[in-house]
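> Based on what follows, work out the 3D shape:
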Amino acid sequence: MAFTLEVIRFRDLLEVSSVPGFVPGMTPRMLIIKGKDLSSAGTVLINEQVVSEFMIVNKQTIYATLPAATQRISTIEIISNDFTRTVDASKVQFEIGDKTRKVDGILKLVQHFTKWILQTPGTDIFNQSRGGGLQKIVGQVSTTKEMQPVFASITRAISQTVSQIRSSQMGVPDLPINERLLSANLVDLHIYEAQMQARARVVIRSIGGADAVSALVL
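A predicted model of the protein is given here:
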C-alpha cells in the first residue's frame, strides 16, 4: 500500500507577549519569555538559532537558554508541536527529521498544495507545466508600494495550483474526500519592510469540509 511521508511540517507560531529579563542566578543565562499559552512549545529560536535547552515553567512562561555569543536579542520564535489549523501564523519547515511520519487527510492535502505552489514550471521533466511558480518571488525585496504586484503574483500562483491539483485528482477515484481539494484562498498578505519579507496566509479547504492555514514567508 502506498503512503505519503511528512516532508513539510506545519506548526503554530506561539505568540510572545513579553520578555521580562533573565532568570536570576542561572548559568548559562536563561531568558524569561511570556505568552498567552506556551504550553505546547516544541522548539524555541532566539535570533533564528535553536536554543540548546528550554523549560516550560507554566502555561504562560518559558525559560530558554541564551545562545552562545548573543550580544542582543533581535527575534524570538516559539514553535508549537501542534499542526496549524486556524492560527494567525505558522512555521513551514521542509524536513523529514529523525523519525519519519505518515500523513493523511487535510495535512496531506496542505503538504501537497504547498509543494506544488512553490514548484517552478519546467522543473518536472514528467510534467513541464506543473507548479504555481511561487518560488520566483521568494526573497523579493518588497515594500508597501509594491504590495499589489506581490498580491497579484500570489493570487495567480494559488489559482494555477488549485486548477492543477483538481485536474490531477480527477483521475484518482478512491482518494479520500479530506484529501480532495475544494478551494484555496489568500486570507491576507502583510509586508514587513524591515525584514524585506512578505507573509501570505492561505486557507486550504477539502471537499470533506476540513480546512487548514498555510502561512508562507517570502
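> these two touch, right, residue 49 and residue 67?
Yes - using C-beta atoms under 8 Å, residue 49 is in contact with residue 67, at 4.5 Å. Where you see a C-beta, it was placed from the backbone N, CA and C, and this is true even at glycine.
> More neighbours: which of these two?
residue 67 (17 against 14; other C-beta atoms under 10 Å).
> element containing that one?
Using DSSP states H and E, residue 67 falls within no helix or strand.
> next structured bit after the longest helix seen in the chain?
Longest helix in the chain, counting residues (DSSP state H): helix 147-169. Sequence order places strand 181-192 as the next helix or strand after helix 147-169, per DSSP H and E.
> Give me the angle between that next one and helix 147-169.
Strand 181-192 and helix 147-169 are oriented at 160 degrees to each other (axes from the mean of the first three to the mean of the last three C-alpha atoms, to 10 degrees).
> Just checking: what are the partner strands of strand 181-192?
According to DSSP bridges, strand 181-192 forms sheet pairs with strand 197-206 (antiparallel).
> CA atoms of the partner strand as CSV?
The C-alpha trace of strand 197-206 is given here as CSV (Å, rounded to 0.1, in the frame of the first residue of the first chain):
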residue,chain,number,x,y,z
GLN,A,197,9.6,39.8,3.8
ALA,A,198,6.0,39.2,2.7
ARG,A,199,3.9,36.8,4.8
ALA,A,200,0.9,35.3,3.0
ARG,A,201,-1.8,33.2,4.7
VAL,A,202,-3.7,30.8,2.5
VAL,A,203,-6.7,28.8,3.8
ILE,A,204,-7.0,25.4,2.1
ARG,A,205,-10.3,23.5,2.1
SER,A,206,-11.0,19.9,1.3
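> which parts of it are buried?
Neighbour-count burial for strand 197-206 flags 197-206 (criterion: 16 or more other C-beta atoms under 10 Å).
> try stretch 51-66
Result for stretch 51-66 [16+ other C-beta under 10 Å]: buried residues 51, 54, 62-66.
> quick one: which two of these are the most distant?
62 and 66 (12.6 Å; C-beta to C-beta).
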